[in-house]
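Undergrad: Build the 3D model from these lines:
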Amino acid sequence: MYRIHLGIPEMEELWNRLEEKHRTGSANKNEEKLRRQMGKAMSLLSNNPRHPGLHSHEISSLSARYGLRVWESYLENDTPKAGRIFWCYGPEKSDITIIGLEPHPDDKANSYRKITLSSMRRGS
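TA: Below you'll find the predicted structure:
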């Protein structure tokens, strides 16, 4: 079982905003959908990062750019512009940190060039 962390500041802020809107009943349909998808993905990652429904795979171009192995998992399948969640192992051995969220890239040649990832917390 892995502990899930949220990259700082972007992923942590996004999740906190979605949770607050859900609690106050002010979330729109898309925000509720994203909150459900992220929650499900984090639950699956926590139990098994290689769960078949996640279709997790390393993104070598992002791993090279950021100097650590960056993985991509699906938030949904068979949907145009489907959301993808980016993550890495760490900062501790039993941790996974969510460091990005993007729609699936259309441009195959430069597909990951535009993606910017959050920072990981250092140590727990």
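Undergrad: From the centroid of this protein, which residue is nearest?
TA: Centroid check for the chain by C-alpha atoms, centre = their mean gives residue 85 as the closest residue, at 2.8 Å.
Undergrad: Who does that residue form a beta bridge with?
TA: Beta bridges link residue 85 to residue 73, residue 101, judged by DSSP bridges.
Undergrad: Same question for the one 4 residues further on.
TA: Each beta-bridge partner of residue 89 is listed here: residue 96, as defined by DSSP bridges.
Undergrad: Figure out how far the lengthiest helix in the chain is from the centre of its chain.
TA: Criterion DSSP state H: the longest helix present in the chain is helix 29-47. Computed by C-alpha atoms, centre = their mean, to the nearest Å, the chain-centroid distance of helix 29-47 equals 9 Å.
Undergrad: Off-centre distance for the helix or strand following it?
TA: Using DSSP states H and E, the helix or strand that follows helix 29-47 towards the C-terminus is strand 57-58. Strand 57-58 sits 12 Å away from the centroid of its parent chain (C-alpha atoms, centre = their mean).
Undergrad: which residues sit in contact with the residue nearest to the centre of the chain?
TA: The neighbourhood of residue 85, defined by C-beta atoms under 8 Å, 6 or more residues apart in numbering, consists of 38, 41, 72, 73, 74, 75, 98, 100, 101. For glycine as for every other residue, the C-beta is placed from the backbone atoms N, C-alpha and C.
Undergrad: Let's see that with 10 Å instead.
TA: By C-beta atoms under 10 Å, 6 or more residues apart in numbering, the contact list for residue 85 reads 11, 37-38, 41-42, 45, 54, 56, 71-75, 98-102.
Undergrad: same thing with residue 20?
TA: Per C-beta under 10 Å, 6+ apart, neighbours of residue 20: 26, 27.
Undergrad: Could you say which helix or strand holds it?
TA: Element membership of residue 20 [criterion: DSSP H and E] is helix 10-24.
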